[in-house]
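Visitor: this is a predicted model, with the sequence first.
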Amino acid sequence: MKKEALILLFGCFVFAGCEKDDFCVKNPVTSKLIIDFYDDTNRETLKKVERFSIIGAGKTDSLFTNQSLNSISIPLNSLTSETVYTFKKNTTNGASENNEIAVFSILYDTEEAYVSRSCGFKVIFKNVAFSADTNSWITAFTPTTITNLDDQSTAHVQIFH
């Protein structure tokens, strides 16, 4: 009887020392920048960018290659205060001499926000400002600045082309 009680007591100590598993059930994801593309002549109509490719400054791999999209979600570099992307479209035939290039720059401040022990931290982008080169296929964009980029439920920027 003493032996069984000792084994039971030992088992209680072993299982009492276990911690419950921590799973991140919140959405701690650092927000991406969501961009919708609109028709420049009819500004309420989404317009696909034909044969669209995007590449980050200093990178060799494209995030998107030769796709027809009217909305994209792109990451921002949380280790710097600026992210620059080159947007390429080709509405003619896909030949490289018909590529139209636009450079889109995003300036921001970063702030880390603690989510939980299991989720860790996420980055909130503040005072986000956008600019594009003037001789490009991007005719306009709105807004030019946003206060916080910490939500992924709607588009942050509308680009007109």
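Guide: Received it, and whenever you're ready, just let me know what you need. Since we're looking at a predicted model, the values are computed, not measured. Numbering: from 1, shown residues only.
Visitor: stretch 128-136: which residues count as buried?
Guide: Neighbour counts over stretch 128-136 (16 or more other Cβ atoms under 10 Å) mark 128, 130, 132, 136 as buried. The C-beta positions use only the backbone N, C-alpha and C, and glycine is treated the same way.
Visitor: who touches the spatially most central residue of the chain in this structure?
Guide: Compute the mean C-alpha point of the chain, and by Cα atoms, centre = their mean the closest residue is residue 32, 1.9 Å away. Residue 32 is in contact with 73, 74, 75, 76, 152, counting by Cβ atoms under 8 Å, 6 or more residues apart in numbering.
Visitor: phi, psi for the third one please.
Guide: Here the main-chain torsion angles of residue 75 (degrees, to the nearest 10) amount to phi -80, psi 150.
Visitor: from residue 145, how far off is it?
Guide: In this view, residue 75 and residue 145 are 19 Å apart by Cβ to Cβ, to the nearest Å.
Visitor: same question, residue 36
Guide: Residue 36 is 17 Å from residue 145, where distance means Cβ to Cβ.
Visitor: so which of the buried residues of stretch 128-136 sit within strands?
Guide: 128, 130, 132 (DSSP state E).
Visitor: tell me which residues form a beta bridge with the last one?
Guide: With DSSP bridges applied, residue 132 shows beta-bridge pairing to residue 104.
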